[in-house]
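J.: Structural data only, the sequence is not supplied:
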Ligand SMILES: NC(=O)c1ccc[n+]([C@@H]2O[C@H](COP(=O)([O-])OP(=O)(O)OC[C@H]3O[C@@H](n4cnc5c(N)ncnc54)[C@H](O)[C@@H]3O)[C@@H](O)[C@H]2O)c1
């Protein structure tokens, strides 16, 4: 809750859980929370990845726990919540950053590709919002959506549909969890990560086209997405809920 003094962009002493927090944007978010004085549990499916990020979190002074989580498995999200609450006392911030992206034209996309993206990117966010929303008494949830939610992107039918769903889910969850828990989304444009890096660095004209169309003339770093998540989780955003904040260097509304 905001105090009578000016609301601060601070997450010091907060307790955060970052799902999909071992690589890319999620990892940058987890490390940024630790750097800002929060305790953090960062998780994904594999033990090695979880151990690796936990070491970095401890090096930055954060209390953490090593627990894997598959967002396609409800029980593993419940176990994550229980371990996080036991280790951190309570959870003030939940960040949903897990994602997959099938890359097939709609005429060729398999049922399996469709089902995986919808399950990981959309239903996984629903499961986590529901499971954590049942015990969070205050704080903030930030879902990682995508600029693709509002775009006509080739060969991304499942991903675009899932991310559009995340935007709607974010608004509906914000209504259900208000006034104690705020729910917002951040919608990144192009960010160099394990997910988008190969396409951005494939030597084609794609990267040049993106840079040219982007008023900021480049793609984002994962840390630049983390900055917005820190803001949304802080008291500086104490009256901000049910919003999708686009962080794309101006790409989506560019006239170029
Ligand atoms: N990189 C971009 O340009 C970009 C742009 C817009 C949105 N996003 C979104 O940002 C988020 C993070 O993506 P990223 O670019 O950092 O890529 P990434 O591949 O590094 O991150 C995705 C993370 O999700 C985890 N994950 C996948 N399936 C999972 C599951 N079933 N259970 C738990 N964890 C699972 C992976 O282990 C990985 O840590 C995603 O939701 C993605 O859609 C990325």
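T.: Alright, I've got the coordinates. Quantities reported herein were computed from a predicted structural model and do not represent experimental measurements. Numbers count the residues shown, from 1 in each chain.
J.: Give me the distance between the nearest residue to residue 188 once chain neighbours are set aside and residue 145.
T.: Closest residue in space to residue 188, ignoring its immediate chain neighbours: residue 225 at 4.9 Å, by C-beta to C-beta, 6 or more residues apart in numbering. Placement of C-beta: from N, CA and C, glycine included. The gap separating residue 225 from residue 145 is 11 Å, by C-beta to C-beta, to the nearest Å.
J.: re earlier: where does the residue nearest to residue 188 sit, in terms of helix or strand?
T.: Element membership for residue 225, per DSSP states H and E: helix 222-233.
J.: which residues sit against that helix?
T.: Residues outside helix 222-233 that contact it (C-beta atoms under 8 Å, 6 or more residues apart in numbering): 9, 11, 14, 16, 24-25, 27-29, 31-33, 36, 92-93, 95, 139-140, 142, 144, 182, 184, 186, 188, 191-193, 237, 240, 245, 247.
J.: how many other residues sit next to the residue nearest to residue 188?
T.: 26 (other C-beta atoms under 10 Å).
J.: likewise residue 244?
T.: 20.
J.: Quick check: closest non-adjacent residue to it.
T.: Using C-beta to C-beta, 6+ apart, the nearest residue to residue 244 is residue 185, at 4.5 Å.
J.: quick one on the thing from earlier: for the residue nearest to residue 188, give its distance to residue 83.
T.: Counting by C-beta to C-beta - residue 225 and residue 83 are separated by 26 Å.
J.: Could you do residue 138 as well?
T.: 20 Å.
J.: higher neighbour count, the two?
T.: residue 83 (17 against 11).
J.: The more buried one is in contact with residue 64, isn't it?
T.: No - using C-beta atoms under 8 Å as the test, residue 83 is too far from residue 64 to be in contact (10.4 Å).
J.: right, is the lowest-mean-pLDDT helix or strand in the chain up against the ligand?
T.: The helix or strand of the chain with the poorest confidence is helix 197-200; it has a mean of 90 (mean pLDDT, DSSP states H and E). No - applying C-beta under 6 Å from any ligand atom, one finds helix 197-200 separated from the ligand by no less than 7.6 Å.
J.: What segments of the stretch 1-150 of the chain are strands?
T.: Taking DSSP state E, counting those that start in this stretch as the test, the strands found in the stretch 1-150 of the chain are 15-19, 39-43, 93-96, 139-144.
J.: What pairs with the first one, parallel or antiparallel?
T.: Read that as strand 15-19. strand 39-43 (parallel), strand 93-96 (parallel) (DSSP bridges).
J.: Let me know the angle separating that strand from helix 222-233.
T.: Put simply, strand 15-19 runs at 130 degrees to helix 222-233, going by axes from the mean of the first three to the mean of the last three C-alpha atoms, to 10 degrees.
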